[in-house]
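1. let me see the structure of the following:
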Amino acid sequence: MLTYEDCVGLTDLEEDEIEAIAQHEHMPEIVAAELGCCLVHDPKGIPQIKQIILDDIEDAYRHGHPGEARHWKEVLEHFSVNHPVFEREAA
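-> The predicted structure follows:
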C-alpha cells in the first residue's frame, strides 16, 4: 500500500506545493498530489502551478494573513527555482 509520503515522492513536487494546490482547488491533498503531478509534467502546467501559488499569496493578503503570504512566497520561490519555464526561441 502506498502512503501519502510515497505519493508525494512520485509527484516531483514538495509537500508545500501540493498543499498550495489543495488549498486553491479546495480538494484533499492526496487529490492535489495527483493533479500536481499531471501539471508539473506538462510544460503548460508549470505556469498554472505558479498562478495557483500566486493566487494563494493574494488570498492570504486579502484575508489579513501576512505570515501565510510570506510562506506562500517562499513556496513560489522554491518552486520557480526547481521548475523553471524555458521560453522557446523563435525559429
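2. helices and strands of the chain: which one has the lowest mean pLDDT?
-> helix 4-11 (a mean of 91; mean pLDDT, DSSP states H and E).
3. could you dump that helix to CSV, C-alpha only?
-> This file holds the C-alpha atoms of helix 4-11, laid out as CSV (Å, rounded to 0.1, in the frame of the first residue of the first chain):
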residue,chain,number,x,y,z
TYR,A,4,0.8,9.8,1.3
GLU,A,5,4.6,10.4,1.5
ASP,A,6,5.1,7.8,-1.2
CYS,A,7,2.6,9.6,-3.4
VAL,A,8,4.4,13.0,-2.7
GLY,A,9,7.6,11.4,-3.7
LEU,A,10,6.2,10.4,-7.1
THR,A,11,5.0,13.9,-8.0
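4. quick one: low-confidence parts of this protein?
-> 86-91 (pLDDT under 70).
5. can you map out the strands along it?
-> Counting by DSSP state E, the chain has no strands at all.
6. quick one: contacts for the residue nearest the centre of the chain?
-> The centroid of the chain falls nearest to E17 when counting by C-alpha atoms, centre = their mean (3.6 Å). Contacts for E17 (C-beta atoms under 8 Å, 6 or more residues apart in numbering) come out as G36, I49, I53, V75, H78, F79. C-betas here are computed from N, CA, C, even on glycine.
7. now, those residues that are in helices?
-> G36, I49, I53, V75, H78, F79 (DSSP state H).
8. quick one: which of those residues has the most company?
-> Of all the ones in helices among the contacts of E17, G36 has the most neighbours under the rule other C-beta atoms under 10 Å, reaching 27 neighbours.
9. if we can go back for a sec, if I look at the residue nearest to the centre of the chain, how far off is H26?
-> 17 Å (C-beta to C-beta, to the nearest Å).
10. ok, V75 next?
-> Distance from V75 to H26, by C-beta to C-beta: 18 Å.
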